[in-house]
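J.: Let's see this in three dimensions:
(3 chains)
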Amino acid sequence: MTPTPGIPRAALSWLLVAQALVIVPHLGHLPIWIVLLWLGCALWRIQIFRMRAAYPNALVKIVLMLIAGFAVYQSRGRLIGLDAGVVLLVAAFILKLVEMRSRRDALVLIFLGFFVVVTAYLFETGPGIALFSLLPVAVLLAAMIGLQSEGQAAKPWPTLRLAGGIMLQALPLMLLLFVFFPRMGPLWSLPTPSDRGKTGLSESMSPNDIAELSRSDELVFRATFAGTPPPRAELYWRAMTLEHFDGRRWSQAATPASRVDWQKRGEPLRYSVLMQPSEQAWLFALDVAESDEAGVYRMSDYRLQRERPIDRPLLYDVISWPEAVRDSSLSPWQLRRALQLPSQGEARSRLWAQQLRKAYPEPEALVNEVLANFNREPFVYTLRPPVLGENAIDTFLFDTRRGFCAHYAGAMVFVLRAAGIPARVVAGYQGGEPGPGARTVQVRQFDAHAWVEYWHPQRGWISVDPTFQVAPERIELGLEAAVAEEQSFLEDSPFSPLRYRQYGWLNQLRLALDELDHGWQNWVLNYQATQQQGLFERLLGKDFQWRLVLALLIGGGLFLGALALLLLKPWRDGLDPAQRLHAQFERILARQGLRRLPGEGARSFADRAARELPAQAAQIRAFSGLYQAQCYAGRSVAPSVLRHSLKRLRRALPWRLPGRGGK
Amino acid sequence: MRNRLDQVLATINQVVLGKQGQVRLALACLLARGHLLIEDLPGMGKTTLSQALARVLGLSYQRIQFTSDLLPGDILGTSVFDRDSGQFIFHPGPIFAELVLADEINRATPKSQSALLEAMEEGQVTIEGATRPLPDPFFVIATQNPASQGGTFALPESQLDRFLMRLSLGYPARAAEKSLLLGEARRDLLPRMQPLLDHAELASMQAAVATVRVSDALVDYVLRLVEATRSQPQFGLGLSPRGSLALLGAARAWAFLEGRDYVIPEDVQAVLPSVAGHRLRDQADPGSHGGGALVQWLLREVPAL
Amino acid sequence: MILERLFQARWQRWLERRIPPASRVRLDNRRVFILPSRVGLAFGGALILMLLAAINYQNSLAYGLTFLLGSVFIVTILHTYRNLAGLGLQAAGGAPVFLGEQACLRVRLQSEAREHRSVALGWPPQPLQWFDVAAQGACDCELSLPTRRRGWLRPGRLRVESCFPLGLLRAWSWVDLELKVLVYPKPIPGDLPLSSGHSDEEEEGQAARGRGVDDFQGLRDFQPGDSRRRLHWKAFSKGQGLLVKDFAALTGRDLCLDFEALGGDVEQRLSLLCHWVLELSRGERPFALRLPDAQLPADIGDAHRDACLRRLALYGLVE
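T.: Model (predicted):
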C-alpha cells in the first residue's frame, strides 16, 4: 500500500538523475540515438510533472515502442542477441519513464535500472565501473525511499543521504556474501557481447599481423612465479604452432588432443597466469607446460587449450618443464605435416636449402648454419620492413634482408623444410616486463613473437630463435630496445604510458596502477569456484563445509548485531541503568507471582513485596532503598552496587516458590 | 524539626478524631504555603480543624461566616471617618489574620468570593487606593457545602484553581465517633491547646519544604500524570501548569512531613486526590468537579516508574 | 470457514496476551511484526534473476551488485523495524458524532528519540492514513471511520504499519488503545407532538436556572386566524411576505420530549428526539427528556444537550 498515488517529487528527481547515471557506462557501445531518446523523454517527463504536457496515450506508446524496436534493428542488425537485447533494455528503461504514472510504475523503472547496471558489467569490468556503479545504485535506492515518503514535501537530499547510509551499512555484509557465497559454473551458456574488438594472435599469421600487434600496449597476461622468474631471454610463451604454409600465410593445422610423448627432465617452473580475455581458446605457457585446471587440455603441439574461449579474465596454474624432451618419434602424418611446403615458388630458397643439405648432413649443424647465416649476413631487425611481393621469402632472404620475427621464423622454417628437416613456426609472446615484487612478468601485445622449432630424430622438438641472431636486444631487453634507433616503438600511441618508461615517477605510477588492476582481476573478477575453493581451504582447512556455514552465520550475525546496536541504540531507550535494573528486579519478583501495577511506585511495591516475602524482606528493601536513593534522592549510587544488591536478592530467593502461582 | 511536626499532628488529632489523613494533608497544605478548601456537610468538624491548626501553630485566627448579604468590605475592612482626628481611619477586616476560616464560602455572592480569593492570591489587599500587606504566614481555610445544595453560588474553575487542596472530612469512623460522644466537648479542649511552633520555626519549615529535592525521574512522573489529564479522552479539563506546580509543591510538603528531603512518586500519589480532584472534570459529566474516579484512574494507570 | 474463524479467534487471543489493551502503547520488539512486502518479494525475484546472470556470465561485479542489494534488503529489516520501534501511541479521544457522519478518533503519536516517517494508521479495510512524526515530537492524528450504528463505536485493534525506508518490508502492529467514540442517533426532522412536563417538577427547576427564558420561537407563514398583533411587519416591508412571530408553549411550562409519545420504531423515535434536542438547544429553549429508562429534568445549555444526546445514543444498549 502506498501513501498517496502519484510520484513524489523527490522520487521523480532521483529517477531522472538515476537514468543518466545508469546509461553513462553504456555510452561506449550504445547507438547515439539512445542519448537523444533519453534527453527527449526526460524533458517530456519534466513537462508532465509541471503539468505542461500530457502522458502519452496508448497509440503514442505503441508508436514509440515500434520506433525504438526499429531503431535497434537498424543499428544492431537484429533484435535478438545480447547487444540488441541490451539496447532494447535501455530503450525500454527510457520509455518507461514517460509513461510512468503510479508508484508501481516507478518501482518497475527502478528494477529495470538495476538490470541495466548489471548489463554494463558484461561490457566492462574494471575497478572504475565497479566504483561508479555505486552512484546509480545509491540514486535508485534514494528514488525508492522517495516513493515511500509522504506527499510532495520530502526533500531530495536527505533521501540520498539515507540511501547512501543504508548502502554503507550493507557493505560489510555484501563483502561477507561475496567471499563466502558458494560459486558455481555457468548453468547454461549465454551469448556474450560480440563487439569487444580483440587484438591478439589469431589462428593464422602473416608478418603484417605481428607488426600490427607490436603497435599495441594492451596487456595480454601476467605471470606470477613461485620462485624467481627465469631471465627474460628464456621466456618463450607458447600460444600455438603454425604448421601450414600456403605461400603467404602460416596457419594452424588441425591438432587433435592426442597423447603426446614426452619425458620430464630437469627442474620444473611453477607459476600462475592471469590472462585477459582473448576470445580465443588457447592459453599461454612456457614449454613444456602441464596444467590440471578443469577444462584445459594439452594439444599434440604442446600448447594448452581450453574448451571454451577465454571471454573473461582467467587465472590458471601451470607447471613447466623447460628441459623436457618432446616427441622422440613422429608418426608419418606428423612428419608429413612438418615438412609440408607449397609445391612451387621461392626457387632461390629451395636451391639454398639443397646446398645446405649437402654441406651439412647433420640436422643440428644445418640449423646452426642457417642461424649463423642470419648473424653473418647484414640482416636488419625493423618494424618497418619493405613490402614483399611474390616469392616473399626469396626476396627477404636474399634482397631486402629487413624484417622482424615473423619474417625470420617463416623464412627459417621454409628453408629447414626444404632441406628435409621437419620444422614449424611457434607463435606466442616473448619476454615480458618484470612487474612489481620481482616475481611477476607482464606480457603485452607488443611482446608478440614468432620463433622456430625443428625436430631432431633423437632429441625431439628443439626450439631456436632466428631473431636472436639478428637482434639479440629484442630477446634480452625487449622490443623497445630493439627498435630504439628507428623509434618505431608504439609510434601510433603517443600517449601510451609505456612510451615514458624512462621517467621514474611516471613509471612508478604506471606500475602501481598495473598492480591495482592485477589485484582487481586476481581477487575480484577471478574470484570464482576454483579460487574460492582455494581460499576456503587456506582459511578454513581441508574439510571446510560446515566451518563455512558457521563462519557465514557467525560473521553475518555479529555484523547484524553490531548494526542493530548502532541503529537502535537500546541504551537510549529512555531507561537509565537504575531503571533497567529495577525492571530486572520486577522480573525476579514476577517469578514469585508478584507483579508491580503500572501506577505502583517503587516504595509501595517494595513494601508489598516485603510483606509477601517476609524472608527476603531485607534484601527487597535494600535494593528498593538503593534504587530510590539513586532515582529520587539524588544520591548517585553506582550501578555495580545496585547490581550487587540485586544479586543478593536473587540468591535469597528460590527459583520459583512452589504453590505460589495462584496467590 | 521532625519531632515537633509529629507533636503538632498528634495534638491536632486529639481534637479532630479519626481524621489523621486529612489533618496531615491540611498541614502539608499549610507548609506548602497553599490554601485549603474543605467541602463537607455542616457539622463535620471543619471549624474544629481550622481552630486546632491555628492554636497549635500559634497563628492568629479569624472566622468569616459567608452569607449572601456579605459585602467585600466586611471581609477586607473599611475606612471609617473618625470624628476626633477628622480623618478616615482604616478598620482592618477579618482577613488580616494569619489563619482565616472562610466558612461556607459558596453562600456569598461571587463579588464577595472574589474579594477573598484575590487577597489569597496576591497576599495583599488594595482598599481605596492603599495597598496593605496581609500577614505572613497567611493561610485560608475555606469551607463549602456540596455544590448540589440549593441557594449557593458554586465557585468557578478559576477560583477553585487557587486552592492548593480540596479536602472532604466525611463522617467519622464508628470508634472515633464513639470517643467523640463519650469524651469532652471538642470546643472546650481548644482553648487549652498550647502553641507548639513559633512563627520563625514555621517560616523555616516552609522554606525547608521548598528545598525538598525533586529528581528528574519524579518530574517525569508528574509530567506523565499531567499529560494524561490533557490527552486522555475521559478528562474534560486537563491540569493547568499551575495545577502541576501545585502538585509538585504539595508533594514536597508531604515528603517533608514524612521526614524525607526528597520526593518519591508515593508522595505525589498521596496528595494527588486532594490537589487534582477539584481541578479535573469528567468529560462525560461536565457539570461535576468530582474527579474522584478520574484521580483513581490516574493513580492506577499512569506508570509510576 | 470454521478453521478460519478458529484461527482468527486464536490470533485475537494471542494478540490480547501479547499486546494487552491500554490507552497508551509503546511499540517495541514484542509488539512489532515484520515481513517482506509485495514489493520486497518482487525485489527478491529481481535479485534471483541478477544472481542467475552473475552465475552464467561468471561475472564477479554482477555477483557484487546482487550481494549489495541483498545486503541492503537485510539491513532494511533493521531500518524498517527501527521506524516503528519506540513509537508511542496514545488514545486522545474523539468527539461524539451523529450516525452517518464520519467518526473522528484522535490518536497521539509520540517519538521518544528518533524520527518516525510514513507511519500508517487505520482499521483495515478502511484505507490507512499516513503520518510523519518528528524526532522527540508528537503528532496528533485524526482517524476517520464511518459510523453504522448508534451507541459506542469501538473500532477495535488499530493497525500501525510502515514500509519506510525502501518499501521492501512491512513492519506492523495491532494495538488496542481502547478507543471509543459515542455515536448519536441520526437527527431526522419531523413533527413533534407537544407534551408538557409535569408541572410539579417544573417549579423547583425554575429557580436553579441562572439564565432567562425567551419564549420567542421564530417566524412562520401567516395563516388565516392568526393574531394581527403578531405580524412581523419589518419582514413584510422587505417584501418577504406575511410572517407571524411564533411563540410556543406560552403556558410557561417547558417542553418535554417524550419517547412514549412518538410513533414509529425505536430508531425513528430516537432520531426524531435527537433532531428536537438539537433544534430546541439551538433556540435556547428549556426542555425535558423522558425515555422509558431515564428522565432528564428540564434544563438548557450545552451540558444538558450533551447529556440528552448521550442518553439517546445509549438508549437500550448495554454500556
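J.: Spit out the contact partners of the residue nearest the centre of chain A.
T.: The centroid of chain A falls nearest to residue A:525 when counting by CA atoms, centre = their mean (2.0 Å). Residues in contact with residue A:525 (CB atoms under 8 Å, 6 or more residues apart in numbering or on different chains) are A:125, A:312-313, C:60-61. Using the backbone N, CA and C atoms, a C-beta is placed for each residue, glycine as well.
J.: Same check on residue B:194?
T.: Residue B:194 neighbours (CB under 8 Å, 6+ apart): residue B:55.
J.: Looks like residue B:63 contacts residue B:46 (just checking).
T.: No - contact between residue B:63 and residue B:46 fails when scored by CB atoms under 8 Å: they sit 10.5 Å apart.
J.: Between the two, which contacts overlap?
T.: B:101, B:103.
J.: Tell me the pLDDT of the residue nearest to the centre of chain A.
T.: What the model reports for residue A:525 is a pLDDT of 79.
J.: Pull up the gap between it and residue A:26, please.
T.: Separation of residue A:525 from residue A:26 (CB to CB, to the nearest Å): 19 Å.
J.: near chain A, which residues of the stretch 151-300 of chain C?
T.: Taking CB under 8 Å from any CB of the partner chain as the measure of proximity, the stretch 151-300 of chain C contacts chain A at C:163-168.
J.: Which of those residues has the largest number of neighbours?
T.: Using other CB atoms under 10 Å in any protein chain shown as the neighbour criterion, residue C:164 leads those with 29 neighbours.
J.: what's the closest of the residues of the stretch 151-300 of chain C next to chain A to chain B?
T.: residue C:164 (25.3 Å; CB to the nearest CB).
J.: What values do phi and psi take at the closest one?
T.: With angles defined as degrees, to the nearest 10, residue C:164 sits at phi -60, psi 150.
J.: surely it meets residue C:118?
T.: Yes - look at residue C:164 against residue C:118 with CB under 8 Å: they come within range, at 4.4 Å.
J.: what residues do the two have in common as contacts?
T.: A:148-149, C:83.
J.: how about those residues in JSON lines, adding secondary structure, distance to chain B and neighbour count?
T.: Output for the shared contacts of residue C:164 and residue C:118, formatted as JSON lines (DSSP: H, G, I helix; E, B strand; the rest coil; distance: CB to the nearest CB, whole Å; neighbours: other CB atoms under 10 Å in any protein chain shown):
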{"residue": "A:148", "secondary structure": "helix", "distance to chain B": "29", "neighbour count": "27"}
{"residue": "A:149", "secondary structure": "coil", "distance to chain B": "28", "neighbour count": "24"}
{"residue": "C:83", "secondary structure": "helix", "distance to chain B": "23", "neighbour count": "26"}
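J.: and those residues as JSON lines, adding pLDDT?
T.: Formatted as JSON lines, these follow (pLDDT from 0 to 100):
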{"residue": "A:148", "pLDDT": "85"}
{"residue": "A:149", "pLDDT": "78"}
{"residue": "C:83", "pLDDT": "90"}
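J.: Closest one of those to residue A:72?
T.: Looking at the shared contacts of residue C:164 and residue C:118 and their distance to residue A:72, the nearest is residue A:148, at 34.3 Å (CB to CB).
J.: give me the number of residues near residue B:171?
T.: Using other CB under 10 Å, residue B:171 has 11 neighbouring residues.
J.: for it, what are its contacts?
T.: Contacts of residue B:171 by CB under 8 Å, 6+ apart are B:44, B:177.
J.: go again using 6 Å as the cut-off
T.: Going by CB atoms under 6 Å, 6 or more residues apart in numbering or on different chains, residue B:171 touches no other residue.
J.: Tell me the confidence at it?
T.: At residue B:171, pLDDT is 81.
J.: Look at it and tell me its secondary structure.
T.: Three-state assignment for residue B:171 (DSSP: H, G, I helix; E, B strand; the rest coil): coil.
J.: Would you mind measuring from it to chain A?
T.: 27 Å (CB to the nearest CB, to the nearest Å).
J.: sorry, back to before: wait, which of the shared contacts of residue C:164 and residue C:118 is closest to residue B:2?
T.: Nearest to residue B:2 among these, counting by CB to CB, is residue C:83 at 53.1 Å.
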